[in-house]
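Chemist: How does the following fold in three dimensions:
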Amino acid sequence: MVAEQLALRVGVLFSQTGATAIIERSQLNGALLAIEEINQSGGVNGRRLEPVILDPGSVPIRYGEMAEQLLSEDGVTVIFGCYMSSARKEVLPVVERRNAMFFYPTLYEGFEYSPNVIYGGAAPNQNSVPLASYLMELYGNRFYFVGSDYIYPRESNRVMRNIVRQGRGTVVGERYVSLDGTPEDFDAVIADIKRQKPDVIFSTVVGTGTVHFYQAYLRHGGNAAKVPIASLTTNEAEVEAMGPQAAAGHITAAPYFRTISSDANRRFLDGYRRMFGSITTVTSCCEAVYFQVHMFADAVRRIGSTDTDRLRVALMSAEYDAPQGRVWVDPENHHTFLHSRIARVDETGEFVIQREMPRPVKPDPYLAYPALNDWSLRLLNPDPDPLGSRLEHVVHVNQQHH
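Modeler: Reported below is the predicted structural model:
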């Protein structure tokens, strides 16, 4: 066992309570699993990683306050944390002022760079563009946008609107619901969706609102086979919470799904199951923080230091065999080359991958008017069947490994 007095403290800033806890608890688990693996293998240059865990309660301003506490009182120079963009925006000036490193493991709206941040989630060109191409090809070009009322959904919808217009599509409606929205709030949204008759619903609803929205859609007779809800954020933890009946047939674009068949993913899931008892809460955001902790540890091993300026340079050549596949940091923008996949939820509540890119996608966080056609030419596994009649075979193939 690595000596206690040599512990290397790292800040872990994910909410265990509040509206986004359903996702951030999985991110916390991903960080803790990576830390446990690193410590079991001898730590980092003989030093055990010690997580300093704080719970901001899903309140954006508290992320900034707690980041300040971690850096000024808890002896931390590195923070892993945040789900919401509004929370990230609170942490950003704190880490820049104190010259600390901040690992952000969540997809976001793009249009940002900081020398003190490593972005581990998907930028719009890595998820929005392939998803729009898929939806317009299989379902139609009339979109209805539904989002939670904060920065990420509004900016993500702005980007998606540009993509849809480039594909000669239209946005027939757009609604936002507060993060603490009730099931009744979504009843009103569903009523408007029925009036507008879109071909597809693009959701940037997050947290418990996702559960309310999908359950309301089912309750009001929504047909996922004909008019699916498509999302960049809906993940395994939320599907578990809403139940397979509400989730079946709906679509998510993400770098990672737990149904990926690879040795790296099987090792990740086995470790998660041993540590937490179940893999039902494993999500793409959980996987992102997991590989970011390992990237950090590998960089510190190489340079023998946690000095921020030296660590920043080392991270520019960081690579890792993540559960999603090989990933690496782009030194041009501090974002990460990620895999791009689209999956549909089957009747058991599992995501079944429909399409994926042949290689990791270079991040382009400043994407404003993407080249939509470039994506459709590079997709693997094109599925011309939007109703999912081939899902049985794909599910069988995936289940052989789980």
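
Chemist: Residue 11 contacts residue 79, correct?
Modeler: Yes. With contact defined as CB atoms under 8 Å, residue 11 and residue 79 form a contacting pair (3.8 Å). (Each C-beta comes from the backbone N, C-alpha and C, glycine too.)

Chemist: Find the residues that touch each one of the two.
Modeler: Among the neighbours of residue 11, those also in contact with residue 79 (CB atoms under 8 Å, 6 or more residues apart in numbering) are 67, 70, 71.

Chemist: Next, count neighbours for residue 230.
Modeler: Neighbour count for residue 230, taken as other CB atoms under 10 Å: 23.

Chemist: and residue 256, how many neighbours?
Modeler: When neighbours are counted by other CB under 10 Å, residue 256 registers 30.

Chemist: now swap in residue 268 and tell me
Modeler: If you count neighbours by other CB under 10 Å, residue 268 ends up with 27.

Chemist: re earlier: can you list the shared contacts of residue 11 and residue 79 in a markdown table and add neighbour count?
Modeler: Shown next, in a markdown table, are those (neighbours: other CB atoms under 10 Å):
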| residue | neighbour count |
| --- | --- |
| 67 | 28 |
| 70 | 28 |
| 71 | 21 |
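
Chemist: And these, which is closest to residue 305?
Modeler: Closest approach between the shared contacts of residue 11 and residue 79 and residue 305, by CB to CB: residue 71, at 17.5 Å.

Chemist: distance of that closest one from residue 251?
Modeler: Going from residue 71 to residue 251 by CB to CB, to the nearest Å gives 40 Å.

Chemist: residue contacts, residue 153?
Modeler: The contact partners of residue 153, by CB under 8 Å, 6+ apart, come to 147, 176, 204, 205, 206.

Chemist: where are the low-confidence patches of the stretch 251-400 of the chain?
Modeler: Counting by pLDDT under 70, the low-confidence segments of the stretch 251-400 of the chain come to 368-400.

Chemist: Swap in 50 and give it another go.
Modeler: 368-369, 375-400 (pLDDT under 50).

Chemist: Then the stretch 1-150 of the chain?
Modeler: Residues of the stretch 1-150 of the chain meeting the criterion pLDDT under 50: 1-3, 5.

Chemist: where do the helices sit along it?
Modeler: 21-40, 60-72, 85-97, 124-138 (DSSP state H, counting those that start in this stretch).

Chemist: Show me what the second one is packed up against.
Modeler: It stands for helix 60-72. Applying 3 or more CB pairs under 8 Å, 6 or more residues apart in numbering; DSSP states H and E, one finds that helix 60-72 contacts strand 8-13, strand 49-54, strand 78-81, helix 85-97.

Chemist: From the chain's centroid, how far away is the third one?
Modeler: For strand 78-81, the gap between its own C-alpha mean and the chain's C-alpha mean amounts to 16 Å (CA atoms, centre = their mean, to the nearest Å).

Chemist: Partner strands of that strand, with direction?
Modeler: strand 8-13 (parallel), strand 101-104 (parallel) (DSSP bridges).

Chemist: Kindly reformat these as TSV containing mean neighbour count and distance to residue 190.
Modeler: Listed next are these as TSV, based on neighbours: other CB atoms under 10 Å; distance: least, CB to CB, whole Å:
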stretch	mean neighbour count	distance to residue 190
strand 8-13	24	35
strand 101-104	25	33
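
Chemist: Could you export these to a markdown table, including columns for distance to residue 241?
Modeler: Formatted as a markdown table, the strands paired with strand 78-81 follow (distance: least, CB to CB, whole Å):
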| stretch | distance to residue 241 |
| --- | --- |
| strand 8-13 | 23 |
| strand 101-104 | 24 |
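
Chemist: hmm, back to that, I'd like the helices of the stretch 1-150 of the chain as CSV, with distance to residue 108 appended.
Modeler: Output for these, formatted as CSV (distance: least, CB to CB, whole Å):
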stretch, distance to residue 108
helix 21-40, 13
helix 60-72, 14
helix 85-97, 5
helix 124-138, 9
